[in-house]
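Asker: need a structure here:
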Amino acid sequence: MPKKPHQKLTKKAEEYIEEIYRLQKGKRVARTSELAEKLDVALGSVISTIESLERKGYVIHQPYREVKLTEKGLKIAMEDCFSNMGRRRGRECLKRKKCPNWFHACLN
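Answerer: Residues are numbered from 1 along each chain as shown. Predicted coordinates for the structure are as follows:
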């Protein structure tokens, strides 16, 4: 079984990437203060994790402005949507346009 390219990411890091994705999709912008609120963690913890994700190439952080997913980060967010459903089922439901609501919410 091939390894996921982000297998070394912690569950916490994946949660941050998923939440950034949701905020970007909803507002087009994710801010560290919003991440702290949504993930119920201290702002310092968010900044520390974001800096780590930036060093690894998953996000771009503009201090006092916003956090954006890179292509690498976006790929992780999308893979997590598919892995929740199963890759084959995910592709099939997209083709048929009959996906569960939670799957659409993950993509939108």
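Asker: just checking, what packs against the lengthiest helix in the chain?
Answerer: Identified as the longest helix of the chain according to DSSP state H is helix 11-27. In terms of contacts (3 or more C-beta pairs under 8 Å, 6 or more residues apart in numbering; DSSP states H and E), helix 11-27 is packed against helix 32-39, helix 43-55, strand 66-69, helix 71-85. For glycine as for every other residue, the C-beta is placed from the backbone atoms N, C-alpha and C.
Asker: now those as JSON lines including mean neighbour count and mean pLDDT?
Answerer: JSON lines is the format used below for these (neighbours: other C-beta atoms under 10 Å; pLDDT from 0 to 100):
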{"stretch": "helix 32-39", "mean neighbour count": "16", "mean pLDDT": "93"}
{"stretch": "helix 43-55", "mean neighbour count": "16", "mean pLDDT": "95"}
{"stretch": "strand 66-69", "mean neighbour count": "21", "mean pLDDT": "93"}
{"stretch": "helix 71-85", "mean neighbour count": "16", "mean pLDDT": "76"}
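Asker: closest one to residue 18 among these?
Answerer: With distances scored as C-beta to C-beta, the stretch of the helices and strands packed on helix 11-27 nearest to residue 18 is helix 71-85 (5.7 Å).
Asker: which one of the helices and strands packed on helix 11-27 lies nearest to residue 25?
Answerer: helix 71-85 (9.3 Å).
Asker: coming back round to it: which residues touch the longest helix of the chain?
Answerer: For helix 11-27, the external contacting residues (C-beta atoms under 8 Å, 6 or more residues apart in numbering) are 6, 9, 29-31, 34-35, 38-39, 46, 49-50, 52-53, 58-59, 67-69, 73-74, 76-77, 80, 108.
Asker: for stretch 37-45, same thing?
Answerer: 15-16, 19, 23, 32-33, 35-36, 46.
Asker: now do the end-to-end distance for that stretch.
Answerer: Stretch 37-45 has an end-to-end distance of 12 Å (C-alpha to C-alpha, to the nearest Å).
Asker: what do you get for stretch 29-47?
Answerer: End-to-end span of stretch 29-47 (C-alpha to C-alpha): 16 Å.
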